[in-house]
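> Let's see this in three dimensions:
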Amino acid sequence: MSPLKYIEFGIGNKWLIRTETELSDGTEVEEKGIAGPIRFQSVYLRIWIRKTVLILDLKQGFKVSRKQRNAFKVIFGIVSKIE
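Sure thing, here's the model as predicted:
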């Protein structure tokens, strides 16, 4: 799996605008603001209410998942490929 970058805008994360980079070894790096360059892959809307997460993704469609911790988040995100 190639590494991906998630640029997120919304409430519930540490910062209002952040970039999370997921490396090929499974580790993640989070930073404040937008880290370029952006090589567009998809966009998504994630709504996290308590332990339920609703995700509407342009490429993957709609999915519902469960998490271990309670949270409230409303996030609009852009998926970017890292080359």
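
> Going by C-alpha atoms from here, please, whenever you check contacts or count neighbours.
Will do.

> At which residues are the strands of the protein located?
4-11, 17-22, 28-32, 40-57, 61-81 (DSSP state E).

> L45 versus L16, what's the distance?
15 Å (Cα to Cα, to the nearest Å).

> Show me which of the two is the more surrounded one.
Ranked by neighbour count (other Cα atoms under 10 Å), L16 and L45 place L45 first, with 19 against 13.

> Double-check I17 against I34; I have them as touching.
Yes. Using Cα atoms under 8 Å, I17 makes contact with I34 at a distance of 7.0 Å.

> Spit out the residues that contact those two alike.
With contacts taken as Cα atoms under 8 Å, 6 or more residues apart in numbering, the residues that reach both I17 and I34 are I7.

> out of those two, which sits in the more crowded spot?
Ranked by neighbour count (other Cα under 10 Å), I17 and I34 place I17 first, with 18 against 15.

> Can you name the residues that contact the more buried one?
Applying Cα under 8 Å, 6+ apart to I17 gives the contacts I7, E8, F9, G10, K32, G33, I34.

> and those, which are buried?
Listed as buried from the contacts of I17 are I7, E8, F9, G10; burial here means 16 or more other Cα atoms under 10 Å.

> any chance of the residues you listed in CSV, with pLDDT and distance to I75 too?
Output for the buried ones among the contacts of I17, formatted as CSV (pLDDT from 0 to 100; distance: Cα to Cα, whole Å):
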residue, pLDDT, distance to I75
I7, 96, 10
E8, 96, 6
F9, 97, 6
G10, 96, 4
